[in-house]
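A.B. asks: dropping the sequence and predicted coords here.
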Amino acid sequence: MNDFLFYSLLLLLFVRIIGFGVAIDLFLIKKRTKYKALIIGWLLWIISTVFPSIFTNIEDSVISRGMFVLNSIIILLGMIFIIIWAISYFRKLSPKLLLSLIAMIILIPILLFFLGGYELALNFTSLSFTGLYLIMLIISWIERHNLKPLIGNSIKWYYGTIAFGFFYIVNGLLLALEGYSFGLYQVDIPIIIIRHYFFVIGFTFLLAILSVSLEQSVSELQKFRLRDIYSHEVGNIMQIILNNLEAIQNLEEKDSTSMELIKEKCVKAGELIKEIREL
């Protein structure tokens, strides 16, 4: 394996391990199912980074090419789970649709490999990866008016990640047109390896940052909404109580204990509003 390729994969592995650690941390803190998809996505990408060091030294061309196809499937599956996590902020996805998509991504390349050959299977996975990314771009465009209210200040990281990923796709297509193979695992030209992995590592690094920034922004927005809703509701309750105090005081049979209790609750409600506003 070329030294430039080895160190590029090592750096990529390091960044992906960071992303995996962030996903686990988010799941442990938030206990939400969507982070399981993020964890699986990062884990699959870590496997796909380690895998090439094993099959690039295999002399049997059939087995080696089969490993190339298998690795491309793992990368694509990782992309699917990352997309599931990202889209979960906007809408719910059908479990049946997701299972069908995952089954197709696994089975179709394997069938193409045995029936049509190595290149056909790789072309399918490459086109599928590009297609999935274009779907993300289309969803981003459709949801553009809702993005800012949904994800707050992390929108800059979202657009940055999307833009860098787009350049990664374009660069990958250009390399394919220049005749270079998937992953550049058998290429010995340093500048080509650096050119490819610059975009891969950059996209992965931005995605790791986005996962942290996105959760912080969403949490802050949710906190703001809850603070506003609860303080408004408590204020309304207190106002109703105060408005009715005069009517209660004019009743023929006064209950001094109830009156004191109402006043006490009003004071506590006022204190609660102050605490909520400080969240």
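C.D. replies: Thanks, I have the structure now.
A.B. asks: sketch out the helices for the stretch 51-200 of the chain, chain order is fine.
C.D. replies: Secondary structure of the stretch 51-200 of the chain (DSSP state H, counting those that start in this stretch): helices located at 52-55, 61-87, 95-115, 118-142, 144-151, 155-177, 190-249.
A.B. asks: any regions of the stretch 101-250 of the chain where pLDDT drops low?
C.D. replies: Across the stretch 101-250 of the chain, the ranges flagged by pLDDT under 70 are 144, 149-152, 181-186, 218-250.
A.B. asks: want to try JSON lines for the helices of the stretch 51-200 of the chain, with mean neighbour count and distance to residue 30 as columns?
C.D. replies: Quick note: C-beta positions are derived from backbone N, CA and C, even for glycine. Output for the helices of the stretch 51-200 of the chain, formatted as JSON lines (neighbours: other CB atoms under 10 Å; distance: least, CB to CB, whole Å):
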{"stretch": "helix 52-55", "mean neighbour count": "16", "distance to residue 30": "33"}
{"stretch": "helix 61-87", "mean neighbour count": "19", "distance to residue 30": "12"}
{"stretch": "helix 95-115", "mean neighbour count": "14", "distance to residue 30": "21"}
{"stretch": "helix 118-142", "mean neighbour count": "16", "distance to residue 30": "22"}
{"stretch": "helix 144-151", "mean neighbour count": "14", "distance to residue 30": "15"}
{"stretch": "helix 155-177", "mean neighbour count": "16", "distance to residue 30": "18"}
{"stretch": "helix 190-249", "mean neighbour count": "15", "distance to residue 30": "7"}
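A.B. asks: spatially nearest residue to the most centrally placed residue in the chain, not counting backbone neighbours?
C.D. replies: The centroid of the chain falls nearest to residue 86 when counting by CA atoms, centre = their mean (3.9 Å). Leaving aside its sequence neighbours, residue 86 sits nearest to residue 136 (CB to CB, 6 or more residues apart in numbering; 6.9 Å).
A.B. asks: looking at the helices of the stretch 51-200 of the chain, which is nearest to residue 26?
C.D. replies: helix 190-249 (5.7 Å; CB to CB).
A.B. asks: redo the helices of the stretch 51-200 of the chain as TSV? Include distance to residue 33.
C.D. replies: Below are the helices of the stretch 51-200 of the chain laid out as TSV (distance: least, CB to CB, whole Å):
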stretch	distance to residue 33
helix 52-55	31
helix 61-87	10
helix 95-115	11
helix 118-142	20
helix 144-151	18
helix 155-177	21
helix 190-249	14
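A.B. asks: among those, which comes closest to residue 44?
C.D. replies: helix 61-87 (3.5 Å).
A.B. asks: so how far is the closest one from its chain's centroid?
C.D. replies: On the basis of CA atoms, centre = their mean, to the nearest Å, helix 61-87 sits 17 Å off its chain's mean C-alpha point.
A.B. asks: and stretch 164-175, by the same measure?
C.D. replies: Between the centre of stretch 164-175 and the centre of its host chain there is 20 Å, according to CA atoms, centre = their mean.
A.B. asks: need the residues that contact that stretch.
C.D. replies: By CB atoms under 8 Å, 6 or more residues apart in numbering, the surrounding residues in contact with stretch 164-175 are 126, 129-130, 133, 136-137, 184, 192, 195-196, 199-200, 202-203, 206.
A.B. asks: which residues does residue 42 contact?
C.D. replies: So residue 42 contacts 16, 19-20, 23, 78, 82 (CB under 8 Å, 6+ apart).
A.B. asks: burial count for the closest residue to it other than its chain neighbours?
C.D. replies: Ranked by CB to CB, 6+ apart and with sequence neighbours excluded, the top spatial neighbour of residue 42 is residue 20, at 3.8 Å. By the measure other CB atoms under 10 Å, the count of residues near residue 20 is 20.
A.B. asks: so which elements touch the helix or strand encompassing residue 20?
C.D. replies: Residue 20 is part of helix 3-30, with elements assigned from DSSP states H and E. Applying 3 or more CB pairs under 8 Å, 6 or more residues apart in numbering; DSSP states H and E, one finds that helix 3-30 contacts helix 34-50, helix 52-55, helix 190-249.
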